[in-house]
Structures are given as C-alpha cells and as structure tokens.
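In: here is a sequence together with a model predicted from it:
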Amino acid sequence: MGPDDASRGPKGARGGPSRGGPAGSPAVRTVGIIGAGPVGVALGVAISRAGWPVVAVASRDEGRRDRFCALLPGARAFTTPEALLDEVDMAILAVPDDAVPLVANSMHLRRGQTLIHTSGSLGAEVLAPVLAADAHIGAFHPLVSFTEQVERSVAALNGATIALEGDDATLGLLANLAEAIGGVPVSLPRGSKPAYHAAAVMASGGLVALLDAVVALGAAAGLDERRALAVYGRLMGQTLANAGAVGVGAALTGPIARGDAGTVEAHIEAIERLAPGVMDLYLATARRELQIAEERGALSPDRVERVRTALAKVV
C-alpha cells in the first residue's frame, strides 16, 4: 500500500484532517475510539484510511488494545475513556448498548469536543448528561453486521446505510464522516431509534431465524442445509427483487395470497408431523401475509375467513 492508498476509504473514499460539515459544524483533527471490539476496530481502520487521524483507543482489554494498535500503529492506548478525551476532538463510543450510559457518565467533555455512540437502539440523548458548553453529542450507527474479520467489516461499510442523530451542526459532521468511509448517511427523527433498530434486527437476525426454519423443513423434504439454501435462497432473492420493483404488497404470492385454505391446512399438518418447532414462525408469517392480502383487496371476504379459520385451528 502506498502513501496515497493509505488515505483512501472503501473503494477510494477520501477525507482529510480538520474535517467538518457545513458552516458551524465542529472541526475534527483527531479521533479516538472507545471500545476495541469488532465495531470499534473496523470503524477505526475505515476512518483512518479515509484520512481522519485516529490517534487513540480506550479499552479495558489489553489484548484488544494491542490488536487495535497493531492495525493503527499511530494510536495511543488507554484503559479509561476519560484519559482518551485528553487526546481527541471527537470520541466514538463503540461499546454494547447497555454499557453506553454507564461509560458515557464516566466522561466529562471539554468545550468543542464531540462524543458520539454507535448504538442502533439508543438515541443521541442518552449522552446528554455529559454535555459541556459548546460540546456536541450524536449517534452514528452503520447498518452492518460486524465480525472479527476486520477487512470484511471495513469492506461492508461501502454503500452501507449509516443512521445519524444529533443537532444540525453535528449532523453535518457525521454525514461527512459517513460519506468519507463509503457509507450512505440517513438522518433519523428523534425518538425513532427503537423502531429503526427493531426493523434492522428482523432484517438480520430475523432472516437467520427464517432461514433456519426453511432449512428444517427442507430437511424433512430430503435436502441438506447447503441444498436447501441453494433451492430456497434463489426464491428469496427473486422475491426481494420483486418487492423492490413493484412494492412489498404486490410482491406477495403463494397460497395465502390466493386464499387457498386447503394448502394452508396441508402445510400445518406436515409441520406438526415433521418440524413442529417451525410452527410458531409459520403461523406468524402466514397471518401477516393474510393481512397484506386482505389490505390489497386480493381476496374475497369468504376466502380470507377460510384461511383465518385454518390458521386458528392450531392450538
């Protein structure tokens, strides 16, 4: 990697020192990361490559501190967040959600400093108790599934949605940072974070739960996991593409969309016999499908009632 490459973020995103947003945004010459887990490490690497100097890391775990500094040799390591604040203009709090208020309350911002957290479920207001005069707080949540594979996580930031919260000045700064690391900034309205995060959990962990149920039913049909994912994954991809092209409601197909209560009853019988652990998820998704079909006017009231009755037979 040459000198020019070192200043590039994902796919050539570039930045530089003393970055900020529109007029009035806080200037940032130095960045520190609090928390050296998968999120903190990936953000530290991505931000540094984008040209924003990452000069410090704070973590109670010596091994994680050492790993961070091996990836970013110019960073100084600290055991406490408060010590890190003496070194930086902006601190990024990349710790588990439940730890954010506790860690933040151990800190005292100075005039002009910025503190942001990376929680997907907490609003920026959780940092309000540590605000000082002319200091700034915000939230910066990359919608990415971070892992211990640093380069994979850094690459995943390219094109990823990054949800932002903060005052106007802070939002400008964070949007600039998001774009510098290759992300797509999206400003969230105050109070919307739990709903935003619940949707993210359903899109990620919820999808894994759905895949697990698909694999379980595939096994009953003689398909191993690899073959089941190949068979049904293609169908899932087609469905997602259809939803993007024509809308979610219009993309609904299948027996429930047709009001085929007999097929639904056959499904329920097979699940009870072959994969009973899948039943709750099947019923939950089926009822949601029925609601979508009813709302789009695709079924007669009689067909709606037949399917609803079939679903209600399961005790």
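Out: Done, it's in.
In: start and end of stretch 60-78, how far apart?
Out: By CA to CA, to the nearest Å, the extent of stretch 60-78 from end to end equals 8 Å.
In: could you check how far it is from the centre of its chain?
Out: Stretch 60-78 sits 25 Å away from the centroid of its parent chain (CA atoms, centre = their mean, to the nearest Å).
In: for stretch 187-197, same thing?
Out: 12 Å.
In: likewise stretch 73-89?
Out: Per CA atoms, centre = their mean, the centroid offset for stretch 73-89 relative to its chain is 26 Å.
In: contact partners of that stretch?
Out: Stretch 73-89 is contacted by residues 26-32, 34, 44, 53-60, 65-66, 68-69, 91, 93, 103, 106-110, 112-114 when judged by CB atoms under 8 Å, 6 or more residues apart in numbering. Backbone N, C-alpha and C define where each C-beta goes, glycine included.
In: quick one, what contacts residue 199?
Out: Counting by CB under 8 Å, 6+ apart, residue 199 has no contacts.
In: adjust the sequence numbering to begin at 285 for everything that follows.
Out: Done: numbering now begins at 285, and the last item shifts to residue 483.
In: related to what we said a few turns ago, are any of the contacts of stretch 357-373 buried, and if so which?
Out: 310, 312, 314-316, 318, 328, 337-343, 349, 352-353, 375, 377, 387, 391, 393, 397-398 (16 or more other CB atoms under 10 Å).
In: buried sites along the strand or helix carrying residue 486?
Out: Using DSSP states H and E, residue 486 sits within helix 477-504. Neighbour-count burial for helix 477-504 flags 477, 480, 481, 484, 494, 495, 497, 498, 499, 500, 501, 502 (criterion: 16+ other CB under 10 Å).
In: the first one against residue 409, yeah?
Out: Read that as residue 477. No: using CB atoms under 8 Å, residue 477 makes no contact with residue 409, being 9.6 Å away.
In: in helices, which of the contacts of stretch 357-373 fall?
Out: 328, 349, 350, 352, 353, 387 (DSSP state H).
In: the helix or strand residue 514 falls within packs against which elements?
Out: In this structure, residue 514 is located in helix 509-530 according to DSSP H and E. When contacts are defined as 3 or more CB pairs under 8 Å, 6 or more residues apart in numbering; DSSP states H and E, helix 509-530 sits against helix 477-504.
In: now do the helix it packs on against helix 509-530, angle only.
Out: Orientation check (axes from the mean of the first three to the mean of the last three CA atoms, to 10 degrees): helix 477-504 against helix 509-530 gives 130 degrees.
In: look up phi and psi at the most centrally placed residue in the chain.
Out: Note on the chain: the residue nearest the mean C-alpha position is residue 427, at 2.8 Å, using CA atoms, centre = their mean. Dihedral angles of residue 427 (phi, psi; degrees, to the nearest 10) stand at phi -80, psi 70.
In: for the closest residue in space to it that isn't next to it in sequence, give me its contacts.
Out: In space, and not counting its chain neighbours, residue 427 is closest to residue 445: 4.3 Å by CB to CB, 6 or more residues apart in numbering. Shown in contact with residue 445 (CB under 8 Å, 6+ apart): 426, 427, 467, 468, 470.
In: so what's residue 445 bridging to?
Out: residue 468 (DSSP bridges).
In: now it: how far from residue 471?
Out: 11 Å (CB to CB, to the nearest Å).
In: go on, residue 579?
Out: Applying CB to CB to residue 579 and residue 471 gives a distance of 30 Å.
In: can you check residue 399 too?
Out: Distance from residue 399 to residue 471, by CB to CB: 18 Å.
In: if you count surrounding residues, which of these two has more?
Out: Between residue 399 and residue 471, residue 399 has the larger neighbour count (other CB atoms under 10 Å), namely 26 against 12.
In: pretty sure the more buried one sits against residue 375.
Out: Yes: assessed by CB under 8 Å, residue 399 is found in contact with residue 375 at 5.1 Å.
In: so who does residue 549 touch?
Out: With contacts defined as CB under 8 Å, 6+ apart, residue 549 is in contact with 594, 597.
In: just confirm it is within a strand.
Out: No: according to DSSP: H, G, I helix; E, B strand; the rest coil, residue 549 belongs to no strand; its state is helix.
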